[in-house]
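Peer 1: need a structure here:
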Amino acid sequence: MMRTRGLMAAAATVLLATAMLGGCVATVQPAYVGDTVMVAPPPPQVEVIGVAPTPGYVWFGGYWGWSGGRHVWMAGHWGPGRPGYHWVPHHWVAAGGGWRLAQGHWER
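Peer 2: Okay, the predicted model is just below:
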């Protein structure tokens, strides 16, 4: 008998809490919408560049990428250059109330 009363009291508590919370609406801003990220990227990390491992190599600076619902630092690295071109680094651009990553690319 005591156990039945305890179960009934617990059920009544759950029903009351459900009724009270039924009117609560939580608005959650999505972090990623299509190609737009709703979270601004953190400031760039400081990287030690050092000396090119071989002549003709250029530094591809690190940047904040987006993976797993969060910003992830993609470390910079040395790589072969392209004669007659310069490297335009990855960068975030404000767009549509959020941010879009403009991919790094070679430019004449």
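Peer 1: which stretches of the protein aren't confidently modelled?
Peer 2: Low-confidence segments of the chain, defined by pLDDT under 70: 1-34.
Peer 1: any idea where the strands of it begin and end?
Peer 2: 32-33, 36-37, 57-60, 63-67, 70-74, 77-80, 86-88, 91-95, 98-102, 105-107 (DSSP state E).
Peer 1: tell me what the third one is packed against?
Peer 2: The contact analysis (3 or more C-beta pairs under 8 Å, 6 or more residues apart in numbering; DSSP states H and E) places strand 57-60 against strand 77-80. Quick note: C-beta positions are derived from backbone N, CA and C, even for glycine.
Peer 1: How about residues contacting the strand it packs on?
Peer 2: Here strand 77-80 makes contact (C-beta atoms under 8 Å, 6 or more residues apart in numbering) with 52-53, 56-60.
Peer 1: what does stretch 61-75 give?
Peer 2: With C-beta under 8 Å, 6+ apart, stretch 61-75 has contacts from 31-32, 37, 39, 41-42, 44-45, 47, 76, 89-92, 101, 104.
Peer 1: What is the nearest of those residues to residue 83?
Peer 2: residue 104 (17.9 Å; C-beta to C-beta).
Peer 1: Now do the same contact list for that closest one.
Peer 2: So residue 104 contacts 60, 63, 87-90 (C-beta under 8 Å, 6+ apart).
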